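# Dropping a prediction and its sequence here:
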Amino acid sequence: MAAAVPAQTEQVPTAGRLRALTGDRLALLGAAIVLVVLVCALLAPVLAPSPEDAGGATDPVNALLAPSGDHLLGTDQVGRDILSRLLYGARTSLRIAVEVIGLAILIGLPLGMVAGYVGGLLDDVLMRVTDVFLAFPALLLALALAAVLTPSVGNAAIAIAVTWWPWYARLIRAQAATVASSGYVASARALGVSHARILLRHVLPNSAAPVIVQASVDFGGVILTAAALSYLGLGAQDPTPEWGLMVSQGQSLFTTQWWVVTFPGLAILLTALGFNLLGDGLRSILDPRQVTRDRHP
Amino acid sequence: MRRYQGIAVALLAALAAAGCGETKQPAGAPPGSTGADGAAAATSAASASGEAAPSGNAPTDATFTYANGNNIVTDFDPATSYSNEVIALNNVYEQLTRYDAETKTVKPLLADSWTSTADGKSWTFRLHPGVTFHTGKPVTAAAAKAAIERTIKLKGGAAYIWDAVETIQAPDDATLTFKLKYAAPIDLISSSTYAAFIYDTTAAGDGDLKKWFGQAKDAGTGPYVVGAWKKGDQNELRLEQFPDYWRGWEGAHYKHVLFQYVPEETTRRQLLDSGQASMADRLSPQLFAEAKDQGRLATAERPSFQNLIAFLNTSHGPLKDVRVRQAVSKAIDYEGIVAVLKGSAVPASGLIPEGLLGYKEGLAQAKDLDAAKTLMGQAGYGEGKRAKLLLTISNGDADQRVVATLLKSNLAEIGIDVTVQPLEWQTQWDKAKSTDPTKRQDIFVMYWWPDYADPFSWFVNLFKSADPPFFNVSYLVDPAIDKQIDALPSLTATDREAAQASYEAIQTRLLEQAVAVPLYVVNYQRVLQKNVSGYVDNPAYANVAFVYDLTPTG
């Protein structure tokens, strides 16, 4: 019976999307950077000249060597190869980003969907709760939380996720509310389809596109925030290879041993930039309104 | 004698300045500054030319600017002051004596001479005649007695240094006698950086003296008086010359002293480069090396009386087993730690830094990985059974962070997994004093330095048993060592050779038992303008620049 109502989605043909993506040079650049970061993260054990330096190993005798043939990006204060730590650092950053955005969606998606679909008092209550979280500057709240928890990569991810989910809840709520008032949902209801099924079959697929866009844009933001927390000593702890931590360890050496802080700093900059460019590109492709606006300015 | 020398030096300085005249000024001008570069540079240049014309003397209006990484003043009360303000207060107040780290002897300051009885329980000081407080009141034995008695009574800061004192007597204006409960080296104690200042207790009249000090006022005898204090400002504290200073102002001296609060070390370095600061406290070894290599600034370095110690938990956890502790002390790459700190650390020999009573050569620990592994095996660890330890360090201390990274990596080699927890000092210390022993750390890393030039504070605070624990974060309970520690002050006051032997014996025992592991001695590195002459680092007064002893040139 339910099959009589086909799930409708407002989709642009896939081929058209790809064409749009390849036509956007900045998005392509972003995609290329992201690809490089992904490859670095995946192949870190193969690419890193001294993988043990990403772990607990130290080599005091070779501390603070300038970039050279032996150490392409130099060594840090305890003699670890910076290139190796940078490559493994890509893993840490991506891990945090995936965890944070996963958690944020896991919390925000069901709450937003239910709020938007059910509406009324429940909607009010849930949205006021998200407002409370949004009222604090995200970094400040994450800082406070991270300071309470023992500093570690996992706890940093939790602290950031707590500040991140309300955005997803709001985003999905708005979509879900629109979908909930659409004709096909009304028909499904009239046909006696269960709420759970409507949420899963109609509301969820039709609210997903903006979430994907938001997630891809957020990757860069989360990586930046995580780096900030680690920089302040509230995130990753030595010897975990983490770019923010590496920057903080190298900052006092900036005028004398520039390579310790510069390379992890560049890694953060490029990665955040890459994800932002890609996210923007995806937005203009996946968001139909944006596409229309772009075509008829 | 002292005054005579002062006049001779002044004459020489005057001759030199007259001889060189104008040509000396460009050479002495701060490098990188064209005169308009900064306020301080401009004033020093102006003052130099101003004085050269009429008198032919060295600069008479020079300002010594000390860029410091910490807030300068937290407590103006000379009785309770126990923080960074001593770098200023030691130029405003004076003690009865001063410790000379070069000769390892106590030298006269407000007291010209002193004697003690053979049992070390009675000490008599002769005060220098004709000294007045900044308040105008003469420094009599009665005034000195009142000052020390107030310090003892307030029980703040380092007042404990006077614990041995039973009574103080002032039979006449120039004679000050201490009667002690037990023998103690009062000559050394009265040279303390903290809690040993002689000040005018009547400065506030009928008012509350503590409040009076709190208004940035002073009642000292030193060469400088407190001028302006702007809390939180970069130019936090200004001192001015006290014209009636008892040692006189013959010769070239700085007229003003400015203490700047500059938390960023790169900024301190820039202030030096532009000539806006005369001296900076510790810079990173890299910045120090850079300054030294460039040669435009003067540098001074000296091993301090401050060492970094890892305290091993002898009462709970894996380190309760002496073999594990010994394994830890043999697994540490001491040379590596010193190498990584690039000049800001020198190897430690035992728990007492060189220059203090009780220091002994040849107590340095060395890495011996095989022996460490054997000890771990004997203690029942090995393949499949690793020990887990919690190490706490002070958050924000870059050197401690580096050391913790190395320790973690060293101990991993002998099957010990270390979790490093950087904590705020108060949290780190509270955790160490936790009433539940299971909540305490396994390894506590902390700096220690003495309040006066004597090693006793390491032992009485760090290794004498105390329950509940205070600073003895190894939680050692060893009645034999307690007894030896208790005997140290008397020995120091009466028989220094016996005291030396006792310190050596205690250290040997503590190191054998691996109660604590001395990691390194901090090397103080200073960067100064080349036109500051006469700077000698005195490790007994950590970070203090005695500005009266410095000469502005150029």
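Perfect, I can see it now.
# and the residue of chain A nearest chain B?
Closest contact between chain A and chain B, by CB to the nearest CB, is at residue A:60 (3.2 Å). Any C-beta I mention is one placed from the backbone N, CA and C, and that applies to glycine too.
# Tell me the secondary structure at residue B:177.
Following DSSP: H, G, I helix; E, B strand; the rest coil, the label given to residue B:177 is strand.
# Now do it against chain A, distance only.
51 Å (CB to the nearest CB, to the nearest Å).
# That residue and residue B:197: what is the separation?
Distance of residue B:177 to residue B:197, given as CB to CB, to the nearest Å: 19 Å.
# Please say which of those two ends up with more neighbours.
Between residue B:177 and residue B:197, residue B:197 has the larger neighbour count (other CB atoms under 10 Å in any protein chain shown), namely 29 against 17.
# Contact partners for that one?
Going by CB atoms under 8 Å, 6 or more residues apart in numbering or on different chains, residue B:197 touches B:78, B:79, B:81, B:89, B:93, B:94, B:95, B:147, B:151, B:220.
# Report how many residues lie close to the residue lying closest to residue B:70 once chain neighbours are set aside.
Closest residue to residue B:70 apart from its sequence neighbours, by CB to CB, 6 or more residues apart in numbering or on different chains: residue B:84 at 4.6 Å. Residues near residue B:84, counting by other CB under 10 Å, number 21.
# Now for residue B:84: which residues touch it?
B:68, B:70, B:71, B:72, B:73, B:74, B:543.
# Show the buried residues in those.
Using 16 or more other CB atoms under 10 Å in any protein chain shown as the burial test, the contacts of residue B:84 include B:68, B:71, B:72, B:73, B:543 as buried.
# pretty sure residue B:521 is touching residue B:302, no?
No: using CB atoms under 8 Å, residue B:521 is not in contact with residue B:302, being 10.4 Å away.
# Which of the two has more residues huddled nearby?
residue B:521 (24 against 16).
# Identify the bridge partners of the more buried one.
residue B:307, residue B:346 (DSSP bridges).
# need the helix or strand of chain B with the lowest average pLDDT.
helix B:24-28 (a mean of 30; mean pLDDT, DSSP states H and E).
# does the host helix or strand of residue B:388 come close to chain A?
Assigned by DSSP states H and E, residue B:388 belongs to strand B:387-394. No: against chain A, strand B:387-394 shows no contacts by CB under 8 Å from any CB of the partner chain, the least distance being 10.6 Å.
# on that earlier part again, counting only helices, which of the contacts of residue B:197 make the cut?
Counting by DSSP state H, the contacts of residue B:197 place B:89, B:147, B:151 in helices.
# Could you double-check that the second one lies in contact with residue B:202?
Which is residue B:147. No: applying CB under 8 Å as the test, residue B:147 and residue B:202 come out as separate, 10.1 Å apart.
# and the two? which has more neighbours close in?
A count of neighbours by other CB under 10 Å puts residue B:147 above the other of residue B:147 and residue B:202, at 24 against 14.
# With residue B:220 as the reference, measure out to that one.
10 Å.
# what's the answer for residue B:249, then?
For residue B:249, the distance to residue B:220 equals 16 Å [CB to CB].
# rewinding a little: mind putting the contacts of residue B:197 into JSON lines with distance to chain A and pLDDT?
Shown next, in JSON lines, are the contacts of residue B:197 (distance: CB to the nearest CB, whole Å; pLDDT from 0 to 100):
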{"residue": "B:78", "distance to chain A": "34", "pLDDT": "97"}
{"residue": "B:79", "distance to chain A": "36", "pLDDT": "96"}
{"residue": "B:81", "distance to chain A": "29", "pLDDT": "93"}
{"residue": "B:89", "distance to chain A": "29", "pLDDT": "97"}
{"residue": "B:93", "distance to chain A": "34", "pLDDT": "98"}
{"residue": "B:94", "distance to chain A": "36", "pLDDT": "98"}
{"residue": "B:95", "distance to chain A": "35", "pLDDT": "98"}
{"residue": "B:147", "distance to chain A": "41", "pLDDT": "97"}
{"residue": "B:151", "distance to chain A": "38", "pLDDT": "97"}
{"residue": "B:220", "distance to chain A": "36", "pLDDT": "97"}
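# By neighbour count, which of the residues you listed wins?
residue B:89 (29 neighbours).
# Give me the nearest residue to it, chain neighbours excluded.
Closest to residue B:89 by CB to CB, 6+ apart is residue B:81, at 5.8 Å.
# Tell me who's in contact with the one you found.
Counting by CB under 8 Å, 6+ apart, residue B:81 touches B:75, B:89, B:157, B:194, B:195, B:197.
# Nearest to chain A, out of these: which one, please.
residue B:75 (28.2 Å).
# Make sure the closest one is actually in contact with residue B:85.
Yes: counting by CB under 8 Å, residue B:75 does reach residue B:85; the two are 6.2 Å apart.
# Of the two, give the one with the bigger neighbour count.
For residue B:75 versus residue B:85, neighbours defined as other CB under 10 Å are more numerous around residue B:85 (24 against 19).
# Now the more buried one: phi and psi?
phi -60, psi -20 (degrees, to the nearest 10).
# Correct me if wrong: it contacts residue B:78.
No: in this structure residue B:85 lies outside contact range of residue B:78 using CB under 8 Å: 9.5 Å.
# Residue nearest the middle of chain A, spatially speaking?
residue A:219 (2.3 Å; CA atoms, centre = their mean).
# Identify the residues contacting residue A:97.
Taking CB under 8 Å, 6+ apart, one finds A:218, A:219, A:222, A:223, A:226 in contact with residue A:97.
# Check which helix or strand it maps to.
Secondary structure (DSSP H and E) places residue A:97 in helix A:82-118.
# just residue A:34 next, same as before
Under the criterion of DSSP H and E, residue A:34 resides in helix A:25-47.
# Report the angle between that helix and helix A:82-118.
130 degrees (axes from the mean of the first three to the mean of the last three CA atoms, to 10 degrees).
# List the buried residues for helix A:25-47?
A:27, A:30, A:31, A:33, A:34, A:37, A:40, A:41, A:44, A:47.
# show me where pLDDT drops low in the chain?
If you meant another chain, say so; for now it's chain A. A:1-22, A:287-297 (pLDDT under 70).
# oops, I was thinking of chain B
Ranges of chain B meeting pLDDT under 70: B:1-60, B:554.
# Give me the domain ranges for it.
B:39-297+B:529-552, B:303-523 (automatic domain parsing).
# of all these, which lies closest to residue A:153?
domain B:303-523 (13.7 Å; CB to CB).
# mind checking how far residue B:293 is from residue A:61?
With CB to CB as the criterion, residue B:293 and residue A:61 are 21 Å apart.
# And residue B:508, by the same measure?
30 Å.
# Could you do residue A:277 as well?
Relative to residue A:61, and taking CB to CB, residue A:277 is found at 42 Å.
# Next up, the contacts around residue B:198.
Per CB under 8 Å, 6+ apart, neighbours of residue B:198: B:93, B:94, B:95, B:96, B:110, B:139, B:143, B:144, B:147, B:148, B:220, B:221.
# do the same with residue B:516
Residue B:516 neighbours (CB under 8 Å, 6+ apart): B:309, B:310, B:311, B:312, B:351, B:462, B:463, B:474, B:510.
# can you put those residues in JSON lines and add neighbour count and distance to chain A?
Shown next, in JSON lines, are the contacts of residue B:516 (neighbours: other CB atoms under 10 Å in any protein chain shown; distance: CB to the nearest CB, whole Å):
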{"residue": "B:309", "neighbour count": "21", "distance to chain A": "19"}
{"residue": "B:310", "neighbour count": "22", "distance to chain A": "16"}
{"residue": "B:311", "neighbour count": "26", "distance to chain A": "21"}
{"residue": "B:312", "neighbour count": "29", "distance to chain A": "20"}
{"residue": "B:351", "neighbour count": "26", "distance to chain A": "23"}
{"residue": "B:462", "neighbour count": "23", "distance to chain A": "27"}
{"residue": "B:463", "neighbour count": "25", "distance to chain A": "29"}
{"residue": "B:474", "neighbour count": "27", "distance to chain A": "24"}
{"residue": "B:510", "neighbour count": "23", "distance to chain A": "26"}
